[in-house]
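Asker: Below are the sequence and a predicted model; questions follow.
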Amino acid sequence: MNPFIALSPWLLGGVIIGGIFLLIFVAFIFQYIGLYLQAWVSGAKVGLIELIMMRFRKVNAKSVVINRISGKKAGIEISTEQLEAHYLAGGRITNVVRAMIAADKARIDLPWETATAIDLAGRDILEAVRTSVDPKVIDCPSEGGSKRTIDAVAGDGIQLRARARVTVRTNIARLVGGATEETIIARVGEGIISTIGSAATHLKVLENPDNISKTVLAKGLDAGTAFEILSIDIADIDVGENIGATLQAHQAEADKARFQAEAEKRRAMAVAQEAEYRAEEQKNRALVVLAESEVPKAMADAFRKGNFGVMDYYNMKNVISDTDMRSSIAGETPDA
């Protein structure tokens, strides 16, 4: 028996399996050959082995190649290693590359390290570059907030309600660690309230609202923020309530209640004092009656000791009768 004929099924199986593996390998390589040729034709060469290794490092090879080509065409040299490192760090390489291209066209200095740091900090670097080129307007207070106006009270007690529009430009150098739009809105609102509150009358503010903008702008409210304030414009200012009059009315009501309480206190004290005087009077009357009850005893004692005679007694009775008569004539009631 021919041994080749006997081995032919094994050879056939091996050829089939080898063919399958070869097809899988070619299919695996083919998807990277297209990226390799695309990068090579564009002048942003990326090695085929590098593309294959990106698969094992779980890097999106297509995104790396496309962004490298974009940077190369714009005249910005970004290495494959830099793109891979930023991708693995969780960055958005497309945003970073587009931002660097926009910054380069606008002649804004934006190194790769700065751009990636801003992106990893969670800021939208592309939007920041656009705002640097084309300043944005921030409403103060913000449209989505609970309050529609900034309310402040002038020196004469009149309330003013204002709305402002702040034009800002992104400061790339302060974007990492700098305060956000909310800080700008809060500081501008505080400055407006302080400026209106320091005005002697509300008419002074209404005569020249630009003074608010100038005063607030001079305070350097953009310090420590990611923005540079270009202008502050008062979009609207209206007269509100007379807070001073309302406070005076409340004060008058409070004073009235206080005075009424003091008057009631004095009346109660007077009533108590009158009752005290009446009690004292009753006490004194009782003492008089007690003293009068001792008179007969004293007279009897005087009779026994011979200090008081019968004639003396009658003379005393005559004096008492005479006194009663005079009181009767005068219309007085003699004491009992």
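Answerer: Okay, I see it. Residues are numbered from 1 along each chain as shown.

Asker: Counting by contacts, list what whichever strand or helix holds residue 279 packs against.
Answerer: Assigned by DSSP states H and E, residue 279 falls within helix 243-305. Counting contacts by 3 or more C-beta pairs under 8 Å, 6 or more residues apart in numbering; DSSP states H and E, helix 243-305 packs against strand 158-170. Every C-beta, even on glycine, is put in place using the N, C-alpha and C of the backbone.

Asker: before we move on, the earlier item: report the distance from the helix holding residue 279 to the chain centre.
Answerer: 58 Å (C-alpha atoms, centre = their mean, to the nearest Å).

Asker: show me where this structure has strands.
Answerer: 136-140, 150-153, 158-170, 227-242 (DSSP state E).

Asker: Nearest to residue 178, out of those?
Answerer: Checking the strands of the chain against residue 178 by C-beta to C-beta gives strand 227-242 as the closest, at 7.5 Å.

Asker: that older thread, residue 327 is nearest to which of the strands of the chain?
Answerer: strand 227-242 (72.2 Å).

Asker: could you give me the average pLDDT of that closest one?
Answerer: On average, the pLDDT along strand 227-242 is 84.

Asker: That one pairs with which strands, and in what direction?
Answerer: Within its sheet, strand 227-242 is paired with strand 158-170 (antiparallel), according to DSSP bridges.

Asker: Give the buried residues for the partner strand.
Answerer: 158-164, 166, 168-170 (16 or more other C-beta atoms under 10 Å).

Asker: Also stretch 82-90?
Answerer: 82-84, 86-87.

Asker: which one among these gets closest to residue 296?
Answerer: Closest to residue 296, out of all of the buried residues of stretch 82-90 and judged by C-beta to C-beta, is residue 86, at 126.2 Å.

Asker: what pLDDT does residue 37 get?
Answerer: Value for residue 37, per-residue pLDDT: 81.

Asker: any idea how far it is from residue 302?
Answerer: Residue 37 sits 154 Å away from residue 302, going by C-beta to C-beta, to the nearest Å.

Asker: More neighbours: those two, which one.
Answerer: Each of residue 37 and residue 302 has its neighbours counted (other C-beta atoms under 10 Å); residue 302 has more, 14 against 11.

Asker: now the buried residues of strand 158-170 in JSON lines, with pLDDT and distance to residue 17?
Answerer: JSON lines is the format used below for the buried residues of strand 158-170 (pLDDT from 0 to 100; distance: C-beta to C-beta, whole Å):
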{"residue": "158", "pLDDT": "85", "distance to residue 17": "93"}
{"residue": "159", "pLDDT": "85", "distance to residue 17": "88"}
{"residue": "160", "pLDDT": "87", "distance to residue 17": "86"}
{"residue": "161", "pLDDT": "88", "distance to residue 17": "83"}
{"residue": "162", "pLDDT": "88", "distance to residue 17": "81"}
{"residue": "163", "pLDDT": "89", "distance to residue 17": "77"}
{"residue": "164", "pLDDT": "89", "distance to residue 17": "76"}
{"residue": "166", "pLDDT": "90", "distance to residue 17": "71"}
{"residue": "168", "pLDDT": "89", "distance to residue 17": "67"}
{"residue": "169", "pLDDT": "88", "distance to residue 17": "65"}
{"residue": "170", "pLDDT": "86", "distance to residue 17": "60"}
